[in-house]
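A.B. asks: Following is a predicted model, sequence given first.
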4 protein chains.
Amino acid sequence: MPRLTPERREAKRAEIVAAARRCFSRDGFHQTSMPDIAAEAGVSAGAPYRYFASKEEIILTIAGDAFRMIFEPVQRLAAVTDEASIADLATASLTALSVETATDAAGLPVPVEELLRCAVQTWSEMLRNDAVLARATEGFDAVCHSIAGALRRSQSAGAIPATVEPEHGARVVMGLLHGFLLQRVAFGLTDAEGFTDDIRTLLTANRHGSHGEPMS
Amino acid sequence: MPRLTPERREAKRAEIVAAARRCFSRDGFHQTSMPDIAAEAGVSAGAPYRYFASKEEIILTIAGDAFRMIFEPVQRLAAVTDEASIADLATASLTALSVETATDAAGLPVPVEELLRCAVQTWSEMLRNDAVLARATEGFDAVCHSIAGALRRSQSAGAIPATVEPEHGARVVMGLLHGFLLQRVAFGLTDAEGFTDDIRTLLTANRHGSHGEPMS
Amino acid sequence: MPRLTPERREAKRAEIVAAARRCFSRDGFHQTSMPDIAAEAGVSAGAPYRYFASKEEIILTIAGDAFRMIFEPVQRLAAVTDEASIADLATASLTALSVETATDAAGLPVPVEELLRCAVQTWSEMLRNDAVLARATEGFDAVCHSIAGALRRSQSAGAIPATVEPEHGARVVMGLLHGFLLQRVAFGLTDAEGFTDDIRTLLTANRHGSHGEPMS
Amino acid sequence: MPRLTPERREAKRAEIVAAARRCFSRDGFHQTSMPDIAAEAGVSAGAPYRYFASKEEIILTIAGDAFRMIFEPVQRLAAVTDEASIADLATASLTALSVETATDAAGLPVPVEELLRCAVQTWSEMLRNDAVLARATEGFDAVCHSIAGALRRSQSAGAIPATVEPEHGARVVMGLLHGFLLQRVAFGLTDAEGFTDDIRTLLTANRHGSHGEPMS
DNA sequence: CATGAATGAGCATTCATTCAT
DNA sequence: TATGAATGAATGCTCATTCAT
């Protein structure tokens, strides 16, 4: 008969995760100590160990969460896209990354900035942490799969060239998303519109027949 | 031991840098200890401190080197591009990233894989290390500038739409490069061809009159 | 381990201080390593850092304690002296320094020898450690002030010449105390009696008309 | 056939000693590294080891020099004193410490401030370095002996009470000197006059029949 | 003789983790 | 169940000393 109801347990775990995310976002995975996380969460130094076996497990959780929350709107979008051009898809996805706040599994708001900063750090972590690599790859594959599906449907609808290999096209879209994400959090380039405008121009110019002509 | 000639000193420094790069590439900046670096270089624990004031200075050196070496071929390419489409530029840049070995300032070969792995870690480091941020931003801006110049010249030549804002277009190209770089080292997607093929298809299809046409 | 009671915490802190004092007394501030202190205290290497932010803080604590404990009897004496000659004051103060054991803030006994040895080292430390300098100066001023007060009262009572400037006289007394302290711990001259006898002779001989007569 | 003449060798040794003294005076024995000393002397890192077997030997040299130079004028004074009171002797000795510059064995000027700061540090060093202890004690004993001799001669002349034990009296004088020295360098009390005036008052008041008389 | 590069033991300090209470 | 004191290995860095040149 646990004194802690499963709900309260889950809530406390989520608080620790949120605290860890704030710390990681601010100071990085390796500059954040477990006592830092506990202090940020307002719990004792030992408490996190009742919810996570190790610091690595917290990192793993946060890495998985970050990718999931960041790309969830992209996946949702891809799921319902039937006739979009790649430009539409990329633009919509980038726009989806530009909100201020995402929502975690418990329904609590999380600043997207935090997620993005954790995501960039996760990329480093993937290089030498197989568990993180596996979790991130899983998420990546799922998103690519969604996008590839959208591309296939768009090809059926004639919105994009039949010669595009959907899996490859999905990787190009993901590349643009990751590239933009990096420019936003690491290089401080928060202007998504210029970015999306030019993607649109580059990818759709011809669809209206004429720009793309020599200009001067 | 009398004075080291500047050449020998530089050579030894380069050896330590190379050892550090192997360690960082393998284990990450923060999982690599200074003794690890010294051991990898085959020198004593104190030796690296005769060439670098701190671990951070080694990281900074390697971060700067990595960006420089990775994007040097891209910059060289951009410098001579006059009439390329964005697809040509992106494809050529991605191809340039696909070599096995780069050459460092001393003329020694460096596995590109190592550089890329260090670059991804540098992205994390940028989030909370201002010196690394400054150095990386400097490199990023230089490459963007080169690419924007190439885009401007290509616009003059009519190879790309006049509506593309060169600075934004450069960011799109860099986004694709960073996105590909990440997919290669973190997600194990080393197949650059599929990636470049689809960029080409997506960006050039229309130039032959309508989307959906084969491109090559 | 649940929370330590403040008493137990204080007791443990005092144990670490005592261990550090033994080490410092034996080996000096700079020849004593933190692991040495921990080992002497019978705790782990990290434990002292739960009670002190740094080695310097331990030194500062011990420096302050040493001066306080050493000169406490002198101050107590000065506070109640009304009609003593300088010889009485100096003699009584020197005698006060000649006990074997002092009592620390927690009421525990501390060998005076240890305190004196730490005090001498503190003098070196004052030359380049401003925090130690400030703490020691504070103590020095307080003791001088007490002694000056006693001198003033003794002047009112006619026990010492009116031409003595109390602040200067206090410095002379302190000079004798410090000088004796040094001779005792550094030069091994533990015979306080010869020292005090001659101070007495020198300072009081004439008061009864001719030098060399006992005074009271 | 040494390429270095003994004179040049001695001169270089003296330069290293002077450099070390500046460093020790400024930063302390243990905060000064051997490279610091070499750099201050403008020689290579290995050079000091051709003149001194170890850092400790440099400390030993400087400790001995400091005591010798500081107390040389006192000894000279004591040697010629025949009829001085203790007050005269103490006052003259303190005055001798108040010059700006002393002269080393090679005839070069040395700031007295440096010597005093080194002397205070030597007191710490004596507590755990037997060689330093021996050298310092030797100097101390010699000075005490000189002073005791002066006291004896003054007793014969009737200038001081016969009941003063010359050895003890010498210790009292040395105590005053050490005490003043400490107040000057550690507590910043450079005013020797107030100090000596009051010694004089305290020790001589009665000799003119009653305390409280003006003394000068 | 002199140089200064190299060594490597040693230091202050941190921190993930444990576990007695 | 939760606490937070304790652990102790590990880290970045320094520096007295040596010795090849």
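C.D. replies: Yep, it's here.
A.B. asks: DNA strand E contacts on chain A?
C.D. replies: For chain A, the residues in contact with DNA strand E (CB under 7 Å from any atom of the strand) are A:Gln31, A:Thr32, A:Ser33, A:Met34, A:Pro35, A:Asp36, A:Ala45, A:Gly46, A:Tyr49, A:Ser54, A:Lys55, A:Glu56. (Each C-beta comes from the backbone N, C-alpha and C, glycine too.)
A.B. asks: Any of these buried? List them.
C.D. replies: Among the residues of chain A next to DNA strand E, those scoring as buried are A:Thr32, A:Met34, A:Asp36, A:Lys55 (criterion: 16 or more other CB atoms under 10 Å in any protein chain shown).
A.B. asks: which ones are touching the residue nearest to A:Leu189 when sequence neighbours are not counted?
C.D. replies: Leaving aside its sequence neighbours, A:Leu189 sits nearest to A:Gln183 (CB to CB, 6 or more residues apart in numbering or on different chains; 4.2 Å). By CB atoms under 8 Å, 6 or more residues apart in numbering or on different chains, the contact set of A:Gln183 is A:Leu189, A:Phe195, B:Arg171, B:Met174, B:Gly175, B:His178.
A.B. asks: cool, and A:Gly64?
C.D. replies: A:Arg135, A:Ala136, A:Gly139.
A.B. asks: give me the element it is part of.
C.D. replies: Using DSSP states H and E, A:Gly64 falls within helix A:55-80.
A.B. asks: just to revisit the earlier point, biggest separation within the contacts of A:Gln183, which pair?
C.D. replies: Greatest spatial distance in the contacts of A:Gln183: A:Phe195 and B:His178, 12.5 Å, computed using CB to CB.
A.B. asks: how much space between the residue lying closest to A:Glu15 once chain neighbours are set aside and chain C?
C.D. replies: Of all residues not flanking A:Glu15 in the chain, A:Ala41 sits nearest, at 5.4 Å (CB to CB, 6+ apart). Per CB to the nearest CB, to the nearest Å, A:Ala41 is found 19 Å from chain C.
A.B. asks: Ok, A:Val164 next?
C.D. replies: Here A:Val164 is placed at a distance of 59 Å from chain C (CB to the nearest CB).
A.B. asks: so how many other residues sit close to that residue?
C.D. replies: Residues lying near A:Val164 (other CB atoms under 10 Å in any protein chain shown) number 25.
A.B. asks: list the contacts for it?
C.D. replies: Going by CB under 8 Å, 6+ apart, A:Val164 touches A:Ile86, A:Leu151, A:Gln155, B:Asp198, B:Thr201, B:Leu202.
A.B. asks: picking that back up, would you turn the contacts of A:Gln183 into TSV with neighbour count, secondary structure and distance to A:Leu97?
C.D. replies: Below are those laid out as TSV (neighbours: other CB atoms under 10 Å in any protein chain shown; DSSP: H, G, I helix; E, B strand; the rest coil; distance: CB to CB, whole Å):
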residue	neighbour count	secondary structure	distance to A:Leu97
A:Leu189	19	coil	13
A:Phe195	24	helix	11
B:Arg171	25	helix	15
B:Met174	24	helix	17
B:Gly175	24	helix	12
B:His178	24	helix	15
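A.B. asks: And those, which is the shakiest by pLDDT?
C.D. replies: pLDDT is lowest at A:Phe195 among these; the value there is 86.
A.B. asks: ok, that residue to A:Leu189 distance?
C.D. replies: To A:Leu189, A:Phe195 is 8 Å away according to CB to CB, to the nearest Å.
A.B. asks: A:Leu116 too?
C.D. replies: Using CB to CB, A:Leu116 is found at 12 Å from A:Leu189.
A.B. asks: Could you find the residue nearest the spatial middle of chain A?
C.D. replies: What sits nearest the mean C-alpha location of chain A, by CA atoms, centre = their mean, is A:Ile70, with 2.8 Å.
A.B. asks: Report the contact partners of that residue.
C.D. replies: Counting by CB under 8 Å, 6+ apart, A:Ile70 makes contact with A:Leu97, A:Ala102, A:Val112, A:Leu115, A:Leu116, A:Ala119, A:Leu181.
A.B. asks: what's the angle from the helix or strand hosting the last one to helix A:55-80?
C.D. replies: So that's A:Leu181. If you go by DSSP H and E, A:Leu181 is part of helix A:166-185. Inter-element angle recorded for helix A:166-185 and helix A:55-80: 120 degrees (by axes from the mean of the first three to the mean of the last three CA atoms, to 10 degrees).
A.B. asks: Ramachandran coordinates for the closest residue to DNA strand F within chain A?
C.D. replies: The minimum distance from chain A to DNA strand F, using CB to the nearest atom of the strand, falls at A:Gly46 (1.8 Å). Taking degrees, to the nearest 10, you get phi -80, psi -20 for the backbone angles of A:Gly46.
A.B. asks: Can you name the residues that contact it?
C.D. replies: The contact partners of A:Gly46, taken as CB under 8 Å, 6+ apart, are A:Ala38.
A.B. asks: Could you check the pLDDT of it?
C.D. replies: At A:Gly46, the model reports a pLDDT of 95.
A.B. asks: mind checking how far it is from D:Leu115?
C.D. replies: In this view, A:Gly46 and D:Leu115 are 57 Å apart by CB to CB.
A.B. asks: check which helix or strand covers A:Pro161.
C.D. replies: Using DSSP H and E, no helix or strand contains A:Pro161.
A.B. asks: DNA strand F contacts on chain A?
C.D. replies: Selection of chain A residues close to DNA strand F by CB under 7 Å from any atom of the strand yields A:Pro2, A:Arg3, A:Leu4, A:Lys12, A:Val43, A:Ser44, A:Ala45, A:Gly46, A:Ala47, A:Tyr49, A:Arg50.
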